[in-house]
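1. Below are the sequence and a predicted model; questions follow.
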Amino acid sequence: MDTMIGSLNTCKPSCNDLARPANGAVSTLQSSDSFTPIVNLSALTLGSHLARRLIEVGVTDLFSVPGDFNLTLLDYLIAEPGLNVIGCCNELNAGYAADGYARSRGVSACVVTFHVGGLSAINAIAGAYSENLPVICIVGGPNSNDYGTNRILHHTIGLPDFSQELRCFQTVTCYQAVVNHLEDAHELIDTAISTALKESKPVYISISCNLAGLSHPTFRREQVPFALSPKLSNKMGLEAAVDAAAEFLNKAVKPVLVGGPKLRVANACDAFVELADACGYAFAVMPAAKGLVPENHPHFIGTYWGSVSTAFCAEIVESADAYLFAGPIFNDFVSVGYSLLLKKEKAIIVQPDRVVIANGPAYGCVLMKDFLKALSKRIRCNTNSYDNYHRIYVPQGILLKSEPQEPLRANVLFQHIQKMLSGESAVIAETGDSWFNCQKLKLPNGCGYEFQMQYGSIGWSVGATLGYTQGVPEKRVIACIGDGSFQVTGQEVSTMLRCGQKTIIFLINNGGYTIEAEIHDGPYNVIKNWDYTGLIDAIHNGEGKCWTKKVRCEEELIEAIEEATGPHKDCLCFIETIVHKDDTSKELLEWGSRVAAANGRPPNPQ
């Protein structure tokens, strides 16, 4: 964000049961048409200041769960024109929804209550921290008069120390603000929001429950414009880094490019494509970077994921004599149990503000976007790595065809999901075998793609689908979710229905935690089977637009997809697919065995 942050966004009503008070405010916390918050919109209050700041940076929908410490604050938030407050089923899901919204809109917010709400949401906030997402977590805190006293409050662990929640959030947020005085509220709120945007990490804001409706001169009707100082590269450092990188790559015989997930936080996706255009190298993406760069680029060779890479991709990357990784994360999951065949002396590692060349010189204060753009002007075109890929590449074989009424197989399911994709769609992949099956999807230009690989929280995708869809309502989101994951957070489908979303959810019912079973099996990986379509029908309860279907074979799947994309294209569609418990991708089998070996390493000798 180099200049003014965001702009005032036009409100997009997000739920079918919006209550519109006479003042024009929008509430999605309840469905009573008679509810009108008692709020003086002309007052220069802390609550209205916070609401206007959120709108100014691009948040037009926020996700909440009411609790006694945040109720007054919620009154002021729902009374602000242009801001939708969406009530979620629990705080964890509100946090996951904020995660998904930040992915599609660049910044998000959730509002929960003190301790019982904050500590419930903290798992989702930790995931957002790991994925470099600016989520503003707002907590309704205790009355300001209770700070510094010996009083014991409810929603605490029974001690007069109110800092437990703050101390927990200090490790998963980049800034924490406890607002219990009006005098510094403006400064603390603005600093928190600006820090979230600058660092692209979550922040924590606690606001005392008795302050939201109070006025102060700093909450001006015409607010001070919200702006950030631009991040700049050190000019000499940038020139030195580009000189060294160009010399290193230009003398290589068959260099390659690999895009990593931090391309997003560095705002460098376009710069990476510019470099790919200029250099002519074969280029791949790491699994968590799928969807960040166009897959229809002529030199794109797929996903680099070690031994479970796209066919022929790992061979080209690992046999190269030089590789540039832009924004990589090398954890045990990405490295397939630390089994990548890469050498540091062959690598240029470009992080959002740092460049390391061949495990040697490191150049700090160099922004990735600036570096990639400058390097694209110095690099010599070299197509050797792509030519080698083209020589060894063998097109995929004949598509699988099921026998009539044959039980549905996962690979057949994803063949049909592939046909559904377009630039007007997006894919959300839940932790599990959907990671691997969705990686094999070929994304049309403009098709969104999200999954949570670094944190890997099972159940993330349901809330994230809610939030992501709310951020880009023009896209038809296709969510691929396993039954084990769905049992963690599935109730949030009710909020999707309230919001009138038209997502297509493929519930993959294979009877357990398949990804865990492939790492280490045991009876704990088997779960109780539910009637998932029956559950969604019960949640629907005749309110909102919903259509469900249970499928057991390819013929039924084809029919269900035709219904979901035809007569029910404006509905939330829930398709439960029944597959065998041992029906997994070959990539998961390989990956699981290697991760199990890494987890099972004996202690080093003392």
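-> Noted; the coordinates are in hand.
2. Show me the domain layout of this protein.
-> Here the domain parsing of the chain from automatic domain parsing is 46-208, 235-392, 410-592.
3. would JSON lines of those with mean pLDDT be doable?
-> Below are those laid out as JSON lines (pLDDT from 0 to 100):
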{"stretch": "domain 46-208", "mean pLDDT": "96"}
{"stretch": "domain 235-392", "mean pLDDT": "97"}
{"stretch": "domain 410-592", "mean pLDDT": "95"}
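4. Deepest-packed of those, please.
-> Stretch with highest mean neighbour count among the domains of the chain: domain 46-208 (a mean of 22; mean count of other Cβ atoms under 10 Å). The C-beta positions use only the backbone N, C-alpha and C, and glycine is treated the same way.
5. so which of the domains of the chain comes closest to F226?
-> domain 46-208 (5.0 Å; Cβ to Cβ).
6. what's the first-to-last distance across the closest one?
-> Taking Cα to Cα, to the nearest Å, domain 46-208 runs 11 Å from one end to the other.
7. Centre of the chain to that domain, how far?
-> 18 Å (Cα atoms, centre = their mean, to the nearest Å).
8. Could I get the phi/psi values of D332?
-> phi -70, psi -30 (degrees, to the nearest 10).
9. Give me the spatial nearest neighbour of it, chain neighbours excluded.
-> A598 (5.5 Å; Cβ to Cβ, 6 or more residues apart in numbering).
10. what sits against the one you found?
-> 332, 337-338 (Cβ atoms under 8 Å, 6 or more residues apart in numbering).
11. want to throw the residues you listed into JSON lines with distance to G423?
-> Formatted as JSON lines, the contacts of A598 follow (distance: Cβ to Cβ, whole Å):
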{"residue": "D332", "distance to G423": "34"}
{"residue": "G337", "distance to G423": "36"}
{"residue": "Y338", "distance to G423": "37"}
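12. Looking at the domains of the chain, which is nearest to P605?
-> When those are ranked by proximity to P605 (Cβ to Cβ), domain 235-392 comes first, at 18.7 Å.
13. residue ranges for the helices of the stretch 1-150 of the chain, please.
-> Using DSSP state H, counting those that start in this stretch, the helices of the stretch 1-150 of the chain run over 46-56, 71-78, 91-105, 118-130.
14. rewinding a little: export the domains of the chain to CSV and append columns for distance to S215.
-> Shown next, in CSV, are the domains of the chain (distance: least, Cβ to Cβ, whole Å):
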stretch, distance to S215
domain 46-208, 8
domain 235-392, 37
domain 410-592, 31
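15. just to revisit the earlier point, quick one: which of the contacts of A598 is nearest to A311?
-> Distance to A311 across these (Cβ to Cβ) is lowest for G337, with 20.4 Å.
16. just to revisit the earlier point, output the helices of the stretch 1-150 of the chain as CSV; include the columns distance to K545.
-> Shown next, in CSV, are the helices of the stretch 1-150 of the chain (distance: least, Cβ to Cβ, whole Å):
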stretch, distance to K545
helix 46-56, 28
helix 71-78, 24
helix 91-105, 20
helix 118-130, 27
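17. Could you check those helices and tell me which one is nearest I207?
-> helix 71-78 (6.0 Å).
18. Quick one: list the elements packing against the closest one.
-> helix 46-56, strand 61-64, strand 84-87, strand 108-113, strand 135-141 (3 or more Cβ pairs under 8 Å, 6 or more residues apart in numbering; DSSP states H and E).
19. Using TSV, lay out those together with distance to A374.
-> Converted to TSV, the helices and strands packed on helix 71-78 look like this (distance: least, Cβ to Cβ, whole Å):
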stretch	distance to A374
helix 46-56	33
strand 61-64	38
strand 84-87	42
strand 108-113	32
strand 135-141	32
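20. What does the nearest residue to E183 once chain neighbours are set aside show for phi and psi?
-> Of all residues not flanking E183 in the chain, H216 sits nearest, at 7.4 Å (Cβ to Cβ, 6+ apart). Main-chain dihedrals, H216, degrees, to the nearest 10: phi -160, psi 150.
21. residues near H216, how many?
-> H216 is flanked by 17 other residues according to other Cβ atoms under 10 Å.
22. ok, it to S494 distance?
-> H216 sits 38 Å away from S494, going by Cβ to Cβ, to the nearest Å.
23. quick one: Y147 from L166, how far?
-> 11 Å.
24. for the helices and strands packed on helix 71-78, which one sits closest to D583?
-> Minimum separation from D583 across those (Cβ to Cβ) falls at strand 61-64, 34.5 Å.
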